[in-house]
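Asker: Structure of the sequence below:
(one chain, ligands or ions: 1)
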Amino acid sequence: MKKFAVIGHPIGHTKSPVLHEAGFIELEIDATFEAVEVAPGDLASWVNGEFRNYHGVAVTIPHKEALLPLVQKLSPAAEAIGAVNTLYWEEDVICGTNTDCLGALRAIQSELPVLEGKKVLVLGAGGAARAVVFALKTAGAVTAIWNRTTDKAIKLAADFEIDPVESLSSLNPDNFDVIINATSVGLREWKSVLPADFWSPHHVAFDMVYDPLETKFLSDAAEAEAPCVTGDKMLVGQALEQFKLWHGVELEPEVMGTAFFQ
Ligand code: ATR
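Answerer: Take a look at the predicted model:
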């Protein structure tokens, strides 16, 4: 039997086990998926010790950045984003990658399959924003970034060679095809970074917040008849990419999509 886990601190609310277990049942894979609490001070010894007992491990807050120097081989995505959300083995080598970027792409492409040349506004400059900006770049989109703390937007824009935006009020909403909330605004609160009159029917709205799924950001967009992508799509998308990496098979998205709501 193959063993998998998600590690984090605290680990209480993670959806990873239920998503991956749905895949094990669907494809009759003999495997287990645990949620394991690992304190920040124990991370290095866990990776170099306990991890030997696992085939693959998903990583959540607060370990994604701290893992960078602890893995022996980093994927280009993990290196560019500066965060690891997936551990796996190649022979005896501890490898780290980041599937958040492909998860974000799967989410956006559920409404807009071709991103090449599309103009995208990303709000936020934390870890989630870095993953989505990297994804957009690989897909050929033209990305602009705004953040409450402008210096962080400027730094992220320089890292990925995209345009920083200093003030939202200076923007013409018509210049964007896709608008993405990668801030934590809207997480368990009814607030949006954008004014409601920013939205038009030609926009695609994607909110990376998934608690709640219906945020003010998406509610304002829907009111303006813009198509909306909810945060579960990214969470499921990044887990589907982990599944593909660990098991070498593609799982039907609906299997995890349905499990998300269990
Ligand atoms: P994550 O890893 O989920 O991206 P993070 O790195 O803590 O989390 O980043 C949170 C993001 O939400 C940041 O872009 C943050 O903006 P600052 O860099 O200015 O802190 C943004 N954010 C949090 N609260 C905000 C608020 N009230 N208004 C606007 N942006 C906010």
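
Asker: Identify the residues contacting residue 29.
Answerer: Taking C-beta atoms under 8 Å, 6 or more residues apart in numbering as the criterion, residue 29 is in contact with 2, 23, 247. The way it works is simple: take the backbone N, C-alpha and C, and place the C-beta from them, glycine included.

Asker: what packs against the helix or strand where residue 135 lies?
Answerer: Mapping residue 135 onto the secondary structure by DSSP states H and E places it in helix 127-138. Using 3 or more C-beta pairs under 8 Å, 6 or more residues apart in numbering; DSSP states H and E as the contact test, the elements touching helix 127-138 are helix 76-81, helix 100-109, strand 119-123, strand 142-146, helix 150-160.

Asker: who does the fourth one pair up with?
Answerer: This means strand 142-146. Strands flanking strand 142-146 in the sheet, each with its direction: strand 119-123 (parallel), strand 163-165 (parallel) (DSSP bridges).

Asker: Return the set of buried residues in whichever helix in the chain runs longest.
Answerer: With DSSP state H applied, the helix covering the greatest number of residues in the chain is identified as helix 232-247. Residues of helix 232-247 classed as buried under the neighbour-count rule (16 or more other C-beta atoms under 10 Å) are 232-243, 245-247.

Asker: Number of residues surrounding the closest residue to residue 61 other than its chain neighbours?
Answerer: Spatial nearest neighbour of residue 61, chain neighbours left out: residue 8 (5.7 Å); criterion: C-beta to C-beta, 6 or more residues apart in numbering. Neighbour count for residue 8, taken as other C-beta atoms under 10 Å: 21.

Asker: now residue 74
Answerer: The local packing count at residue 74 equals 18, with neighbours defined by other C-beta under 10 Å.

Asker: residues in contact with it?
Answerer: Contact analysis of residue 74 by C-beta under 8 Å, 6+ apart lists 68, 84, 95, 96, 97.

Asker: if you set the cut-off to 10 Å instead, what comes out?
Answerer: Listed by C-beta atoms under 10 Å, 6 or more residues apart in numbering, the contact partners of residue 74 are 67, 68, 80, 82, 84, 95, 96, 97, 98.

Asker: any idea how far it lies from residue 120?
Answerer: Residue 74 sits 26 Å away from residue 120, taking C-beta to C-beta, to the nearest Å as the criterion.

Asker: again with residue 251
Answerer: If you measure residue 251 against residue 120 using C-beta to C-beta, the figure is 27 Å.

Asker: Could you provide the helices and strands packed on helix 127-138 in TSV, with additional columns for mean pLDDT and mean neighbour count?
Answerer: Shown next, in TSV, are those (pLDDT from 0 to 100; neighbours: other C-beta atoms under 10 Å):
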stretch	mean pLDDT	mean neighbour count
helix 76-81	97	20
helix 100-109	97	24
strand 119-123	98	23
strand 142-146	98	23
helix 150-160	97	16
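
Asker: could I get the ones you listed as CSV with distance to the ligand?
Answerer: Compiled in CSV, the helices and strands packed on helix 127-138 are given as follows (distance: least, C-beta to the nearest ligand atom, whole Å):
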stretch, distance to the ligand
helix 76-81, 10
helix 100-109, 9
strand 119-123, 7
strand 142-146, 9
helix 150-160, 5
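
Asker: Please identify which of the ones you listed is closest to residue 210.
Answerer: Across the helices and strands packed on helix 127-138, the minimum distance to residue 210, taken as C-beta to C-beta, is reached by helix 100-109, at 10.3 Å.

Asker: Does anything pack onto that closest one? Which helices or strands?
Answerer: In this structure, helix 100-109 makes packing contacts with helix 76-81, helix 127-138, strand 178-181, strand 204-207, strand 228-229, helix 232-247, judged by 3 or more C-beta pairs under 10 Å, 6 or more residues apart in numbering; DSSP states H and E.
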